[in-house]
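**Student:** Starting from these lines, generate the structure:
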Amino acid sequence: MSEGDSVGESIHGKPSVVAAFFTRVGQVYQSWLDKSTPFYAVRWALTLLLTAVYMIRVYILQGWYIVTYALGIYHLNLFIAFLSPKVDPSLLEEDDGPSLPTKQNEEFRPFIRRLPEFKFWHSATKGIVIAMICTFFDAFNVPVFWPILVMYFIMLFCITMKRQIKHMIKYRYLPFTHGKRTYREET
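**Tutor:** Numbering: from 1, shown residues only. Below you'll find the model as predicted:
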């Protein structure tokens, strides 16, 4: 392999201008993500605002229903991963590692998600941005009878959530815990 064959390098071994530009853009983007991490309410509010803008755009343009349906299914998959434990209790054998506590006197183990909140937010927002970009291209405006898609999505949502709730009840976990219970001391 010659000296200039590696990706992002010019013939003289220095990074090319294009590679340096995209590296810098990636660093700035990551910096903004890192700064936004503690502000979850603001992040989600901006994502909801972006979702509202997207929905208004789809409503005004009267099209891109397939893109919206795909976005809904993507968000449903993200939500299910957000509600699921990192280690699925149904796949564990009885004494094959740590498990969720099933009795009141067992040790507290915090709920660890398969998809953490920040990654859920980031993926959902990226999905909305990509769907918004798709609405600028007529190739993605496939004519379809949208009420059928709405009905399919509602059925899929109900069936998926029913299965997830049954799983949560069977293995006794709640994805929305706020830490270990504390008790008042009796004096």
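**Student:** Residue 129: neighbouring residues, count only.
**Tutor:** By other CB atoms under 10 Å, 13 other residues sit near residue 129. In short, each C-beta sits where N, CA and C put it, glycine included.
**Student:** so who does it touch?
**Tutor:** residue 50 (CB atoms under 8 Å, 6 or more residues apart in numbering).
**Student:** for it, helix, strand, or coil?
**Tutor:** helix (DSSP: H, G, I helix; E, B strand; the rest coil).
**Student:** can you tell me which residues contact residue 122?
**Tutor:** Residue 122 touches residue 33, counting by CB under 8 Å, 6+ apart.
**Student:** Kindly list the main-chain dihedrals of the spatially most central residue of the chain?
**Tutor:** By CA atoms, centre = their mean, the chain has its centre lying nearest to residue 120, at 2.8 Å. Main-chain dihedrals, residue 120, degrees, to the nearest 10: phi -60, psi -50.
**Student:** wait, residue 123 sits on residue 81?
**Tutor:** No - Residue 123 lies out of contact with residue 81 (CB atoms under 8 Å); the separation is 9.0 Å.
**Student:** still on that earlier bit, close enough to count as contact, the residue nearest to the centre of the chain and residue 78?
**Tutor:** Yes - taking CB under 8 Å as the definition, residue 120 is a contact partner of residue 78 at 5.6 Å.
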